[in-house]
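S.K.: predicted structure and sequence below. I'll ask about it afterward.
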Amino acid sequence: FGRLQRQDPELAQVLLDELDRVRGGLQLIASENLTSPAVLAALGSTLNNKYAEGYPGNRYYGGCEVVDRAERLAIERACQLFGAEHANVQPHSGASANLAAYAALLQPGDTMLAMDLLHGGHLTHGSKMNFSGRWFDVVSYGVRRDTELIDYDEVRDLAVRHRPKVIVCGATSYARLIDFAVFRGISDEVGAWLLADVAHPIGLMAGGAIPSAVPYADVVTYTTHKALRGPRGGGILCTAELAGRIDRAVYPFIQSGPLMHAVAAKAVAFGEALRPEFGEYAKQVVANAQALCDSLGAEGMRPVSGGTDTHLMLIDLRDLGVSGAEAERRCAAAGITLNRNVIPYDPEPPAVTSGMRVGTPCLTTQGMGPQELKEVGTLVVRAVRHPGAAAEVKERVSALLAAFQPYDSEY
Ligand code: PLP
């Protein structure tokens, strides 16, 4: 870092300011985490420099024998961690992993069934603004209006009616467990591939805190930077039967040179997740989410779908008369970072929304437990209800954070 500071003080200052921002506030974005210095070291390594198109032992560039070891470690550790038959660790992101998985299983114009973006699905699950919605014939399922839980009867009816080639389960703002066995049954009934996009809860599955999708799905896509606490990136797990199709879809179909520094960092993160401490972490993330959810609920913030089984919760703000966008702004002013989010059947447009999404991966990494999360809930409610109290809440946030600082101030 000293070298960067001497050569490019302007950019070095950006890094320092971002560190200050993270150390100075409560990070409640459900899709973020605070990765370890070891993962950051691999990311900032000379493996960044190496071209390695292809796979270990079969590259289209010379000099890959060293980086091959990093990718082999990542693959072996991913298979061990998730009990998977095959792992591809090259996708640059979760969206790339989904693109590759679709490319392996679908042709343009084929039908897929996936969760509606407005009910918690991801952009890559068939939004018209995304390649998935433009290139495939997408049928969407959602949650029931009364329970706000996935409507499995609707999923089955749509599957029987439309005969999709791929059924996608998994979501970006769904706080409850997904019943992968039911999705497997529906997929078998209609002869569809089952793709589980577990970008969000993969870390909880790795740590054994919630049931894994791997035994049920033909293909599992995920990100490495959320609850899993690794580098930004994606990954795919699949059955031995689909290994060749998945590998060819990642390279050469949608990507060329893999990011070998990121692949190495994924190996480090998988290694960390294989340790027993990570299991403790994953369970603590869920316990903390429940404590936060109870605390918010007790003060009038209704959790969509009645609570959480995972690391995140979606909050309906309508009883407070505050939009998601306004809540996000008020929290930011009080040193609390979270995001607005549509809720199912939201009367407001996505830029405004009636909800917000919060999660506990970061605060749990920082060492907080249910007691602190209860207090965090109180601070969030105060920040949203009383914008005039922002400075006071910010002070209380700083006092709480004093004992839970991530990284040191120099890192
Ligand atoms: N799939 C789901 C369910 C997600 O929640 C996300 C990201 O939030 C992605 C895919 C995409 O991941 P990335 O942002 O790495 O492309």
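M.R.: Done, it's in. Numbering: from 1, shown residues only.

S.K.: what does the lengthiest helix in the chain contact?
M.R.: Of all segments of type helix in the chain, defined using DSSP state H, the longest is helix 276-298. With contacts defined as Cβ atoms under 8 Å, 6 or more residues apart in numbering, helix 276-298 is touched by 175, 203-204, 206-210, 227, 229, 272, 303, 307-313, 315, 358-361, 363-365, 368-371, 373-378, 380-381. (C-beta placed from N, C-alpha, C; glycine too.)

S.K.: which SSE is immediately downstream of it?
M.R.: Counting by DSSP states H and E, the element after helix 276-298 in chain order, helix or strand, is strand 302-303.

S.K.: thinking again about what came up before, which of the contacts of helix 276-298 are buried?
M.R.: 175, 203-204, 206-207, 209-210, 227, 229, 272, 303, 308-313, 315, 358-361, 363-365, 368, 370, 373-378, 380-381 (16 or more other Cβ atoms under 10 Å).

S.K.: can you list which of these are found in helices?
M.R.: 203-204, 206, 272, 361, 363-365, 370, 373-378, 380-381.

S.K.: stretch 186-202: which residues count as buried?
M.R.: Result for stretch 186-202 [16+ other Cβ under 10 Å]: buried residues 186-187, 190, 192-202.

S.K.: first to last residue in that stretch, what's the distance?
M.R.: Stretch 186-202 has an end-to-end distance of 22 Å (Cα to Cα, to the nearest Å).

S.K.: how about it and the ligand, touching?
M.R.: Yes - residues of stretch 186-202 contacting the ligand under Cβ under 6 Å from any ligand atom: Asp197, Ala199, His200.

S.K.: who's in contact with the nearest residue in space to Thr308 that is not next to it in sequence?
M.R.: Nearest non-adjacent residue to Thr308, counting by Cβ to Cβ, 6 or more residues apart in numbering: Ala175, 4.0 Å away. By Cβ under 8 Å, 6+ apart, the contact list for Ala175 reads Ala289, Cys293, Pro303, Val304, Ser305, Gly307, Thr308, Asp309, Thr310, Leu312, Met313, Leu314.

S.K.: and the gap between Ala175 and the ligand?
M.R.: Using Cβ to the nearest ligand atom, to the nearest Å, one gets 13 Å for the distance from Ala175 to the ligand.

S.K.: do you know how far that residue is from Glu326?
M.R.: For Ala175, the distance to Glu326 equals 22 Å [Cβ to Cβ, to the nearest Å].

S.K.: equivalent analysis for Leu363, please.
M.R.: Leu363 is 23 Å from Glu326, by Cβ to Cβ.

S.K.: equivalent analysis for Pro252, please.
M.R.: With Cβ to Cβ as the criterion, Pro252 and Glu326 are 47 Å apart.

S.K.: quick one, which of those two is more surrounded?
M.R.: Neighbour totals were compared for Pro252 and Glu326, and Glu326 leads with 18 against 12 (other Cβ atoms under 10 Å).

S.K.: how about the residues of the stretch 151-300 of the chain that lie near the ligand?
M.R.: Residues of the stretch 151-300 of the chain lying near the ligand (Cβ under 6 Å from any ligand atom): Gly170, Ala171, Thr172, Asp197, Ala199, His200, Thr223, Gly234.

S.K.: for the protein, which spans come out with low pLDDT?
M.R.: Scanning the chain for pLDDT under 70 picks out the ranges 409-411.

S.K.: try it again with 90
M.R.: Residue ranges of the chain with pLDDT under 90: 1, 407-411.

S.K.: spatially nearest residue to the residue of it found nearest the ligand (excluding sequence neighbours)?
M.R.: Nearest residue of the chain to the ligand (Cβ to the nearest ligand atom) works out as Gly94 at 2.4 Å. Counting by Cβ to Cβ, 6+ apart, Thr223 is the residue found nearest to Gly94 once chain neighbours are left out, at 3.9 Å.

S.K.: what is the burial count for that neighbour?
M.R.: What Thr223 shows, counting by other Cβ under 10 Å, is a neighbour count of 26.

S.K.: same thing with Gly388?
M.R.: 7.

S.K.: and what of Val168?
M.R.: Val168: 32 neighbours (other Cβ under 10 Å).

S.K.: contacts only, for it.
M.R.: Met112, Leu113, Ala114, Met115, Gly121, His125, Leu195, Ala196, Asp197.

S.K.: out of those, list just those in strands.
M.R.: Met112, Leu113, Ala114, Met115, Leu195, Ala196, Asp197 (DSSP state E).

S.K.: so the closest residue to the first one other than its chain neighbours bridges to which residues?
M.R.: In space, Met112 comes closest to Val166 once its chain neighbours are excluded; the distance is 4.4 Å by Cβ to Cβ, 6+ apart. On the basis of DSSP bridges, Val166 is bridged to Met112, Trp193.

S.K.: do you know how far Val166 is from Ile202?
M.R.: 19 Å.

S.K.: same question for Thr360.
M.R.: 16 Å.

S.K.: Ala267 now?
M.R.: 16 Å.

S.K.: and for Glu85?
M.R.: For Glu85 relative to Ile202 (Cβ to Cβ), the value is 17 Å.

S.K.: with Ile29 instead?
M.R.: 17 Å.

S.K.: ok, Ser212 next?
M.R.: Ser212 is 9 Å from Ile202, by Cβ to Cβ.

S.K.: likewise Tyr222?
M.R.: Taken as Cβ to Cβ, the span from Tyr222 to Ile202 is 4 Å.

S.K.: overlap of the contact sets of those two?
M.R.: Going by Cβ under 8 Å, 6+ apart, residues that sit against Tyr222 and also against Ile202 are Leu228.
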